[in-house]
Every structure is written in C-alpha cells, then in structure tokens.
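Predicted model and sequence follow; I will ask about them next.
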Amino acid sequence: MARVLPLAAAIGETVRDGDTVAMEGFTHLIPHAAGHEIIRQGRRHLTLVRMTPDLIYDQLIGMGCADRLVFSWGGNPGVGSLHRLRDAVENGWPNRLAIEEHSHAAMANAYEAGAANLPFAVFRGYKGADLPKVNPGIRSVTCPYTGEVLATVPAIRPDVTVIHALRADRAGNVLLEGIVGVQKEAVLAARRAVVTVEEIVDDFGPRSPNAVILPAWTVTAIAVVPGGAHPSYAHGYYKRDNAFYQAWDGIARERDTFLAWMKEHVLAKGPDAFAVHARKAA
C-alpha cells in the first residue's frame, strides 16, 4: 500500500545499490526529480531500463550510477547525442557501461510480460532486423498452433520502477493523463514502485478518455514534488522546457562542464528546486 514520504525517504527506502531501475515516461512526465535524488544518494551499479533514455539517464550515467543500460533508443530529443552516454560506452568514463538494445515494440511487450509474471514476451517483430546479431536475448519460438515463428525477449521485472504522475488521492491511488507510455506496465512489473506527483487531491474529478489510474496497492511510495518532471512537461501544469534540452547539448559535451552543472544544480540542491524550474517553464 502506498505511503506518502518525502522524496529523499522514498528513494532511500526503495532504490538500492545493484538494483534494476526503470524510469519511464514518454516525452511527458519524465521523473527528473527522482533521478536527481538517486544521484544525490550516490547509488551505484544500477541496471537502468528505459524505452527512450534521454537527459535524466545521461545524468545518471555521467555521475557513475549505472553499470548497464537496457533501452530501445537513446538521445537528446530533437537535438542530438547523449554525450555522457557515449563517453561511458566509447571511453569507459566514469565507468564502462554495458548496453542491451531492443526495439520499442520489444520493450513494451517485455514490460507487459513482466506485469503478467511471465518469463518472456512473444510478438511479431525483428524480421529482417540486425539487432538479434548483437543482442543474444532476442530469440524465437514456433507457435504450437500455427507454426509461425515469432520473436521472444525476456520479461522486464525491475526491482524498482520510478515514474512521475499528475496527482495522487489521499487513499494513495495515482492518476496519469495526457501522453502516457508504459508507466502502468512498468509499475505492475516491478517489485517496488515510487511515484512523484504534482499534488495530492481529495478527488480526481472528471477524467480524459486516456486516463490511467494506478491503484494504491501497486505503489510503494508517493512523494509530492511539484515540477518533478522538469524539463519535460506535466499535462495541465507546465510546458516542456525546450530551451533546456538545447542547452544540455553544450553542458554535457565536455566532462568538466557537465560535472560543474551537476554540482551546482543537483548535488547542492534538493527537490524543492523543481517547483522553481516549473514556474519558470510554465
């Protein structure tokens, strides 16, 4: 059952060295504040899982939190490369990063398999693709009913899934609206789940047709962090900070500028800084 905790306590009680950690959100509701708290707490040897690793994973990797990355696309959306990710893979700085690459479809199906407590996912995909040549986890199975050869990938079962959502109610249920990705599946697949939210309300009120409600029993901890998705956006709360995505390319390109920015804006600050960022980006 979900407990409402300060962000530092929520991360401290759920994310441990060596964990497999999924942090999902598809351009919307990316859990930056929670990622920064993981960095501040100095977590190490993580396996990071994310369909589209972007700035927050660049920061986690650059600060030495990760040994391995499971992903289906990595980059700074609309800008270019993730320089800290590339430095880790190509040069082993700050430590060598192993990578496991999939397609979007494979990862979505792998989360669903994990949520269903199945050992692997079966789907139509990878025909004519080269990824199976570099990822031995991509295999195939013959359908016992039709004889069709189908692709398989291992289920994703994170130790911890971390997401940002719009609201939680006082019973611990969580609401996501707007563009949603695989947050629901990632939470259901995980042993533990942390959700940061913009606010806690008495009632969710009218909901859009694509609303997702995670019951309280699926969530371990909730932390109220207004602006916790910045520089991504939270539907109805604040816009995407496009200027920051562009600025990140220059910040992260060199190790020294990256470390200086992280020291000033992450290590020396707490989650309250996100509320200020959100007001500026609104």
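Received, thanks.

just the strands in this structure please.
Per DSSP state E, the chain carries strands over the ranges 3-4, 20-23, 46-50, 66-71, 98-101, 120-123, 139-142, 149-154, 160-169, 174-176, 192-201, 212-214, 221-224.

Give me the buried positions along stretch 97-111.
Within stretch 97-111, the residues scored as buried using 16 or more other CB atoms under 10 Å are 97, 100-111. Quick note: C-beta positions are derived from backbone N, CA and C, even for glycine.

So what would you say the end-to-end distance of it is?
Separation of the first and last residues of stretch 97-111 by CA to CA, to the nearest Å is 22 Å.

cool, stretch 96-113 as well?
Stretch 96-113 has an end-to-end distance of 29 Å (criterion: CA to CA).

Distance check, A116 against A223.
Taken as CB to CB, to the nearest Å, the spacing of A116 relative to A223 amounts to 28 Å.

So which of those two has more stuff around it?
Taking other CB atoms under 10 Å, A116 and A223 do not tie; A223 has more neighbours (26 against 12).

What is the neighbour count of T52?
Residue crowding around T52 was assessed by other CB under 10 Å; the count is 19.

What pLDDT is listed against it?
T52 is assigned a pLDDT of 94 by the prediction.

got a list of what the closest residue to it other than its chain neighbours touches?
Leaving aside its chain neighbours, T52 sits nearest to W73 (5.1 Å; criterion: CB to CB, 6 or more residues apart in numbering). With contacts defined as CB atoms under 8 Å, 6 or more residues apart in numbering, the neighbours of W73 are 51-53, 104.

and what of A155?
A155 sits next to 110, 113-114, 118-121, 189 when contact means CB under 8 Å, 6+ apart.

again, only this time at 7 Å
Listed by CB atoms under 7 Å, 6 or more residues apart in numbering, the contact partners of A155 are 110, 113-114, 118-121.

Same question for W217.
Listed by CB under 7 Å, 6+ apart, the contact partners of W217 are M1.
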